[in-house]
Each structure stands twice: as structure tokens, then as C-alpha cells.
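J.: sequence first, then the predicted structure, then my questions.
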Amino acid sequence: MALEVVILAAGQGTRMKSDLPKVLHPLGGRPLLAHVVATARALSPARTVVIYGHGGKRVTAALPEPDLVWVEQAERLGTGHAVQQALPVLDPAATVLVLYGDVPLIRAETLRALVARAGPDTLALLTVELDEPAGYGRILRDAGGRVTAIREDKDATEAERRVREINTGILAVGAGRLAGWLQRLSNDNAQGEYYLTDIVAMAVADGVAVETVQPADPDEVLGANSKAQLAHLERVYQRRRAGDLMDQGVTLLDPARLDVRGTVRAGRDVVIDVNVVLAGEVVLGDGVSIGAGCVLRDVTVGDGAEILPLCVIEEAVIGPGSRVGPYSRIRPGTRLDDGVHVGNFVEVKNSTIGRGSKVNHLSYIGDTDMGSGVNIGAGTITCNYDGANKHRTVIEDDVFVGSDVQLVAPVTVGRGATIGAGSTITRDAPPGELTLSRARQTTRPGWKRPKKGG
């Protein structure tokens, strides 16, 4: 049987106390719903249907993937009512897997085991045992251990509330059976809603087998109904990502102080210090070292490169054997070649810096094409913006630029040129020559510094 997935993502999440729809709150840098969709895709379903409601177009716009089928739940009358909205687009012969847009940590292998137990005449439920099950629907069983019903917490008796096995809401069943049960749902309960969980009692009454599967880790089925729960999920998620990196051989000096907000590919003997944030797509070559407090977003770092503490690097390529930082900012569009040094309080934007060049102190290099073997003195800046347009600076191989120099673009500094300290260069500097621009130094004998009146 083909598999089709229905993801319930229509809830408002009032306890979040936010204008942002609940399923769009971020976990590891991506919306909660994006995590669930990614897990669903791992199962290779024939169709993935997302039921949306609160937030409307904000939700659909956040995940514009063409493989998703969006169905609106205009009135939010419960989980059973939500799944009813998907019925017109489901294949009656398929197995339907129901997921939740605010339960982002569920693993694909858990869902595969659940789907394997489902069938046209078998309802498969994902359940879990909790030490504190308050608030969850309880799994009720008969003396033989067979599931008989699910009782929502608000409708349960005191004896039923002592049951520790709870319903996660995640289930799989044949679409034909599901459609029939959904049509028979009633909202005669404390909430006045159509509970999807009521189909369990219907299955029992119809003689349909009810099978249960439990996840390896109860954290898989945790949802986010408040900011506190979202923060807890974030820590669980980050522990997983840290574990994945250590399984790859990465040394984390403190796994609890790393945040991964995207994907990371790491080579051998990578070392990451504390309080590092890795966002977007990050690639770390063999022997890379990342210092404390660094933020890397969409960055490739070559073999043996060293990123010293407290650097921010975005949409850039750091070449093998390069050294960046501390306190460096590498902005989008930057490419450092092999063995480049970018030092403390240096900012580089939309520039290429050639092999072995050095920009070590208190400088700004923007919109620049720099060759190899260049030395940039402290306090040098490229003046690349005239108030309306950006212009490029070209610094050819083996150039030496003294301290406190301004290169006013567009300008080219020729191969092997030397620029004297304190110069403002507004015209091209010829190759192999010393170019400088300074006012004559003078001394005024007998001059006295003014003093405050008194």
C-alpha cells in the first residue's frame, strides 16, 4: 500500500503568547513544521498533506515546497475534524500516517516501525509511558492487554488518570477505515471537539486490531505548547546534533554549549570550543579549529584552518591553513585563499584575498580583489562607497601597504608596490614603486596648549 502523510498544523498555540503561528516557531534555526516535513519526506510518501489554519498564508509561505498539499481547516473543531479536511485529497487505498506540526523530534525509524504495523484492517498507535502523564490522553486496555480506547485527560476518571501509558496522537491506518470512522465522530465531550482519538474505540467495536509501538526515546514525542516547552525541545535537539558531530569524530570541548542551526559536515580531527553557533550549511575540513564564541553561517572552512575566538563569518569560504581572528568579521561574498591571515578587529566584505596575504589589525577590506603575498598595515581601509555606488579596489601580488592608509576606490595598486603609512590613495599606484601622500610635517616653536580659564 502507498503511504500518505497528514500533518496537523492548524493550531494557534495561545500559550506561546506570540503573533507567530505555533508551528513556525524556530527549533534549531528552522520552523517546527519544517522538521516534521523533513521527517515525513524521509519515509518517501506518495503525498504529504498539511492541514493549516491559524496564521493562514504565513504558514504556507514559510514552506513553499511543491511536494506539499495544503488544506485549510477554516474552523478548528478538534483533531478529528482536522483530519476530515484531508479526506478529499487522500487515496482511499493508501495507508495514512498522522503527524503533528509541533512535534518535531520524532524519528523516521520510529515512524517506519509504526507504519509497518498498520494496514487496511489494523490501526497502529504510537504510545509512550510517562512518569507524569497529566494532560495527555490515556491508553485504556482490557485484562488481556488489548487496547480498548483512549481517554482524554479532561474526560478521564481518577483511576484512568493513574495510567502512565499515554497517546501521542501519532497513528497509521488504512485510509478507507479512517474515512469511515471520521464520519461517525461526535463532539459530545468536555471540549465540544471531534477527537481523532475516538476512532480507537470504533476500531475495537468493529473488530479491527489495534497495535501499539513505542519510540526508543520519549523525547521524540514531545510537543511545544509554550515557550518553556520550546526551550526544552531546543536543548534536546542540540544534544542530538552534538551527539551526531561527536559520532563523526568532532571534538566538542563542551557538548552542552554548542548550537547547530542548520547542517554541518565535518572532516577528521575537528575541534570546536564552547558557545559556538553553526547556522545554515557549514563545511569544516580536516583539522579545523573553531574558537570560543564564534558564529558561522553558510561557511566552508578548508583543511587546517584556525578560527580564533569571537569571530562572525557569513556566506564565505576560508581557505586551507588560514587563520582568522580573534574578533574578526567576515561578511558575505568573501573568499580567503590558502594561508591567509585576517586578524583582530578586521572586517572583510565581498572580497577575495590571495594566498599568504595578511590583514592583521584594525582594518576594513570591502569590494576588493587582493593578490597573494600582500601585507596590509594596521588601520587600512578601502573606501568603496561614494554615497550612491560601490566601487572595487584591486591590490596586486606582493604589495606592501603601510598603516593608516585609505584606498579610495576605484583604484589599483600595482604588483610589488609599496604604499607609505598615512597615505590617502585616490589614483592608481604603479607597480614596484613607493607611493605616498602626506602633508609636510611642521613644528611651531613656542606654541602653548590652551588651558581652561580659572
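T.: Now that the structure is in, tell me what you want to look at. Just so it is clear, the model here is predicted, and its values are computed rather than measured. Residues are numbered from 1 along each chain as shown.

J.: go ahead and confirm residue 274 touches residue 257.
T.: Yes. Counting by Cβ atoms under 8 Å, residue 274 touches residue 257, with 4.2 Å between them. The C-beta positions use only the backbone N, C-alpha and C, and glycine is treated the same way.

J.: could you pull up the contacting residues of residue 89?
T.: 47, 49, 69, 71 (Cβ atoms under 8 Å, 6 or more residues apart in numbering).

J.: run the last query once more with 10 Å
T.: The contact partners of residue 89, taken as Cβ atoms under 10 Å, 6 or more residues apart in numbering, are 4, 6, 47, 49, 69-71.

J.: most neighbours out of those, which is it?
T.: residue 6 (28 neighbours; other Cβ atoms under 10 Å).

J.: how far away is it from residue 22?
T.: 17 Å (Cβ to Cβ, to the nearest Å).

J.: show the model's pLDDT score for residue 39.
T.: pLDDT, residue 39: 98.

J.: just give me the neighbour total for it.
T.: Neighbour tally, residue 39, other Cβ under 10 Å: 21.

J.: spatially nearest residue to it (excluding sequence neighbours)?
T.: Among residues not flanking residue 39 along the chain, residue 108 sits closest, at 5.3 Å (Cβ to Cβ, 6 or more residues apart in numbering).

J.: domain map for this protein?
T.: Domain ranges of the chain: 3-221, 244-435, per automatic domain parsing.

J.: would you tell me which of those domains gets closest to residue 229?
T.: For those, proximity to residue 229 was assessed by Cβ to Cβ; domain 3-221 is nearest, at 8.5 Å.

J.: direction included, what does the worst-scoring helix or strand of the chain on mean pLDDT pair up with?
T.: In the chain, no helix or strand scores lower on mean pLDDT, DSSP states H and E than strand 147-151, which sits at a mean of 90. Counting by DSSP bridges, the strands paired with strand 147-151 are strand 138-141 (antiparallel).

J.: rewinding a little: may I have the least confident helix or strand of the chain exported as CSV, CA atoms only?
T.: C-alpha atoms of strand 147-151 as CSV (Å, rounded to 0.1, in the frame of the first residue of the first chain):
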residue,chain,number,x,y,z
VAL,A,147,-6.3,-1.6,23.7
THR,A,148,-9.9,-0.6,24.2
ALA,A,149,-10.0,3.1,24.0
ILE,A,150,-8.1,6.4,24.6
ARG,A,151,-9.5,8.7,27.2
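
J.: begin at 475 from here
T.: Understood, numbering begins at 475; the last thing we discussed is strand 621-625.

J.: and it, how far out from the chain's middle?
T.: Chain-centre distance of strand 621-625: 38 Å, with Cα atoms, centre = their mean, to the nearest Å.

J.: do stretch 852-865 as well
T.: Distance of stretch 852-865 from its chain centroid, counting by Cα atoms, centre = their mean, is 33 Å.

J.: buried sites along it?
T.: Within stretch 852-865, the residues that count as buried by 16 or more other Cβ atoms under 10 Å are 852-858.

J.: got the contact list for residue 639?
T.: Counted by Cβ under 10 Å, 6+ apart, residue 639 has contacts 601-604, 607, 610, 612-615, 621, 624, 686, 688.

J.: drop anything exposed from these.
T.: By neighbour count, with 16+ other Cβ under 10 Å, the contacts of residue 639 hold 601-602, 607, 610, 612-614, 621, 624, 686, 688 as buried.

J.: number of nearby residues for the residue lying closest to residue 685 once chain neighbours are set aside?
T.: The shortest distance from residue 685 to any residue other than its chain neighbours is 4.3 Å, reached at residue 591 (Cβ to Cβ, 6+ apart). For residue 591, the neighbour count with other Cβ under 10 Å is 17.

J.: quick one, grab the pLDDT at the closest residue to residue 661 other than its chain neighbours.
T.: Nearest non-adjacent residue to residue 661, counting by Cβ to Cβ, 6+ apart: residue 668, 5.2 Å away. Residue 668 is assigned 92 on the pLDDT scale.
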